[in-house]
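In: have a look at this fold, sequence not included:
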């Protein structure tokens, strides 16, 4: 089942809405046409993030899970056991130990602590994994998938941070230039008010208002510089470059599987693996082995048990003389059945765990539907707020132009121009913030689905003529 983003605002012309509005040019600055810089693909912009510590950590965790899976999937395993120290020291035993069988029962030939000084080698193959072996392999594969999802989630979160940092840097850079222009306009307005006060054409209140406008403009210019420095420091920490490139608009994904539902599905698969393991282990275990002693000190054998269906080839070596009644070929067959209450009730408990996990998926789907509806609503509201902020900026720019026209007609003072410029600057700040809110609401979809934001390159290209 795939989740679809149903908000109509998401499928509209979001690219035009997320573009940064150009700051208004003050009356003293001529308009110089410039060509827009080339658009940098998101994949190229996000490339330095691969070396960021949090992403490196997630990638190493994924590599560790893959290594463990490869080890669990390897079909052949070996083991070595025995008393190596006794084997190495066998030559130091008295000669009577090798000539008299009865001497083996007395010191110094008798084994100490049950250690007979044997060396056992075993090579086990797993042509068809079942039971515990199959459970280990499936658990390892599941752990790898979980690590992959964790890595994709880390990528989506880090790319969202970098994208917002780049947009803040771009907006802050344009805001600094605009704030400086507003400050210069306010400075001229204060000087004009002071000159008019000396000539009797203005009052002290006019001068104080001009001083207030200048203080507000200077504060805005200082804050813009601080915001730009912070945005550049954040961007440099993430990408190694303090200057943001021209990036394409990011559109929200239209479908995907929520991360929360994937985790719930992992829980179900884990419960099903345990259920299969418990059911298999509840069956009687038949064990069979065959050993052929090639000499008095060495033997080879073949063993198999129904629990794992993993045949093993064994080699046994002991420097001590064999028992007097030992035969050359030995065959053993046994059956083991555990009828304890814990074993008999384990399948029922495993089925209960599977049912709980299935209910968990249903709950995760319902919760994901609610979260997706909230994300859609948040993005729609953010886009609506951006449109209102754009309208407010257009109105402020028009009012500033009207003030300039009235000044040409002698109907407005320089203070009116400065106040109109300050209002335009504040409207631009509001639009900048609204655009950041839209971008943040958009990137939340990628985190929700654990999708890389550079997949938006193809979406952006498809919207270009």
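Out: Yep, it's here. This structure is a prediction, so every number in the text was calculated from the model and none was measured. Numbers count the residues shown, from 1 in each chain.
In: domain map for the protein?
Out: The record's domain parsing of the chain by automatic domain parsing lists 6-19+38-72+133-273+344-463, 92-116.
In: and these, which is most packed in?
Out: Mean neighbour count (mean count of other Cβ atoms under 10 Å) peaks for domain 6-19+38-72+133-273+344-463 among those, with a mean of 18. For glycine as for every other residue, the C-beta is placed from the backbone atoms N, C-alpha and C.
In: just how off-centre is that domain within its chain?
Out: With Cα atoms, centre = their mean, to the nearest Å as the basis, domain 6-19+38-72+133-273+344-463 stands 18 Å off its chain's centre.
In: and that domain, average pLDDT?
Out: Domain 6-19+38-72+133-273+344-463 shows a mean pLDDT of 88.
In: residues contacting residue 72?
Out: Residue 72 sits next to 136, 137, 139, 140 when contact means Cβ atoms under 8 Å, 6 or more residues apart in numbering.
In: just checking, what packs against whichever strand or helix holds the third one?
Out: What that stands for is residue 139. In this assignment (DSSP states H and E), residue 139 forms part of helix 131-199. For helix 131-199, the contact count by 3 or more Cβ pairs under 8 Å, 6 or more residues apart in numbering; DSSP states H and E identifies helix 42-46, helix 53-73, helix 204-239, helix 259-281, helix 414-449 as packing neighbours.
In: reformat the contacts of residue 72 as CSV; add distance to residue 218.
Out: Shown next, in CSV, are the contacts of residue 72 (distance: Cβ to Cβ, whole Å):
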residue, distance to residue 218
136, 68
137, 68
139, 64
140, 63
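In: identify the farthest-apart pair in those residues.
Out: Pairwise distances across those (Cβ to Cβ) peak at 7.4 Å, for the pair 137 and 139.
In: now do stretch 267-287: distance to the chain's middle.
Out: The answer for stretch 267-287 is 32 Å, by Cα atoms, centre = their mean.
In: name the surrounding residues that touch that stretch.
Out: Residues contacting stretch 267-287 (Cβ under 8 Å, 6+ apart): 130-132, 134-135, 138-139, 142, 303-307, 332-338, 343-344, 346-347, 349-351, 353-354, 356-358, 360-361.
In: which ones among those residues lie within helices?
Out: With helices taken from DSSP state H, the overlap with the contacts of stretch 267-287 comprises 131-132, 134-135, 138-139, 142, 343-344, 346-347, 349-351, 353-354, 356-358, 360-361.
In: ok, residues contacting stretch 328-346?
Out: Residues contacting stretch 328-346 (Cβ under 8 Å, 6+ apart): 278, 281-282, 284-293.
In: measure it end to end?
Out: Across its full length, stretch 328-346 reaches 42 Å between end residues, using Cα to Cα, to the nearest Å.
In: pull out the buried residues from it.
Out: Neighbour-count burial for stretch 328-346 flags residue 346 (criterion: 16 or more other Cβ atoms under 10 Å).
In: so how far is residue 298 from the residue nearest to residue 197 when sequence neighbours are not counted?
Out: Once flanking residues are discounted, residue 197 sits nearest to residue 207: 5.4 Å by Cβ to Cβ, 6 or more residues apart in numbering. From residue 207 over to residue 298 the distance is 110 Å, taken as Cβ to Cβ, to the nearest Å.
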